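Engineer: how would this look folded up:
(chains A and B)
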Number of protein chains: 2
Amino acid sequence: MERIPILKLGGVLIVTIQVDMHDRLALALEEDLTAMIARTGARGVLLEISALEIVDSFIGRMLVSIAAVSRVLDAETVVAGMRPAVAITLVELGLELTGIRTALNVERGMALIQARISEEDDGHGSDRDRHED
Amino acid sequence: MERIPILKLGGVLIVTIQVDMHDRLALALEEDLTAMIARTGARGVLLEISALEIVDSFIGRMLVSIAAVSRVLDAETVVAGMRPAVAITLVELGLELTGIRTALNVERGMALIQARISEEDDGHGSDRDRHED
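Structural biologist: You can find the predicted model right below:
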């Protein structure tokens, strides 16, 4: 079965989505990501979607689901590289990417995740001021 | 036309190859990479090929060509994540990836590129001891 490669870089797992997602592939990606977070102790997941011309409710649910599972495993999910047209469609359709942070590109996404990691490490988990509004 | 996304991270361009390469796609990737190196001043190109089950002479030539063009633009190319079976086949077929460095995974590939960048920056371009044997 076809699998989407997951790149580990520091404490972050990077996935570039560039093929059409179907049920099994989405499920496999979620499983692979979950297993890899558990194995490597990754603190962030960066999903790069600049190749996607359409983000429909299926893809939207997949992203939300990956983010939710990752959060339980203490990894932050950031979606990077969304095309402007995709962003407009998402808003028009009222599709909400609940619990997902977005970044303009991979570089900013990495910065977002790094900031969150160092923020939590500074606080030693005692006073986690989650700046998620 | 379909395009393979190129992720910029620091001074390195990362490409995950996960679809079957054909003539036009390979050409488009080379053009995109070249343009992006020129635009961003990237010093390294990291090609992640863990999704490839076969590296034939076409893919091999594409990798060599990307590396050659990148080098002219002062960017080092590293191929990361090659499957063991692919490596065996390459050697058996006598396909040489001339001028291409390889790394076990993206993390090591990044380290290789970073080491090369700092090495050159230390030497200020005066005594470039290229450790390429």
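Engineer: With adjacent residues omitted, what lies nearest to the residue positioned nearest the centre of chain A?
Structural biologist: Residue closest to the mean C-alpha point of chain A, counted by C-alpha atoms, centre = their mean, is residue A:77 at 3.4 Å. Excluding the flanking residues, the one nearest residue A:77 by C-beta to C-beta, 6 or more residues apart in numbering or on different chains is residue A:67, at 3.8 Å. For every residue, glycine as well, the C-beta is placed using N, CA and C.
Engineer: residue contacts, the one you found?
Structural biologist: Each residue near residue A:67 by C-beta atoms under 8 Å, 6 or more residues apart in numbering or on different chains is listed here: A:45, A:77, A:97, A:99, A:100.
Engineer: Sheet partners, orientation included, of the helix or strand hosting the first one?
Structural biologist: Read it as residue A:45. Assigned by DSSP states H and E, residue A:45 falls within strand A:44-48. Next to strand A:44-48 in the sheet, as set by DSSP bridges, lie strand A:12-16 (parallel), strand A:76-80 (parallel).
Engineer: which residues touch the first one?
Structural biologist: Residues outside strand A:12-16 that contact it (C-beta under 8 Å, 6+ apart) are A:4-8, A:29, A:33, A:36-37, A:40, A:42-48, A:51, A:75, A:106, A:110, A:113, B:5, B:7, B:14, B:16, B:18, B:106.
Engineer: Those residues, buried ones only, as a ChimeraX selection?
Structural biologist: In ChimeraX, a selection of the buried entries from the contacts of strand A:12-16 looks like this (16 or more other C-beta atoms under 10 Å in any protein chain shown):
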select /A:4,5,6,7,29,33,36,37,42,43,44,45,46,47,48,51,75,106,110,113 /B:5,7,14,16,18,106
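Engineer: need the helices for chain A, in chain order.
Structural biologist: Remark: helices assigned in chain A by DSSP state H are A:23-40, A:57-72, A:84-93, A:106-123.
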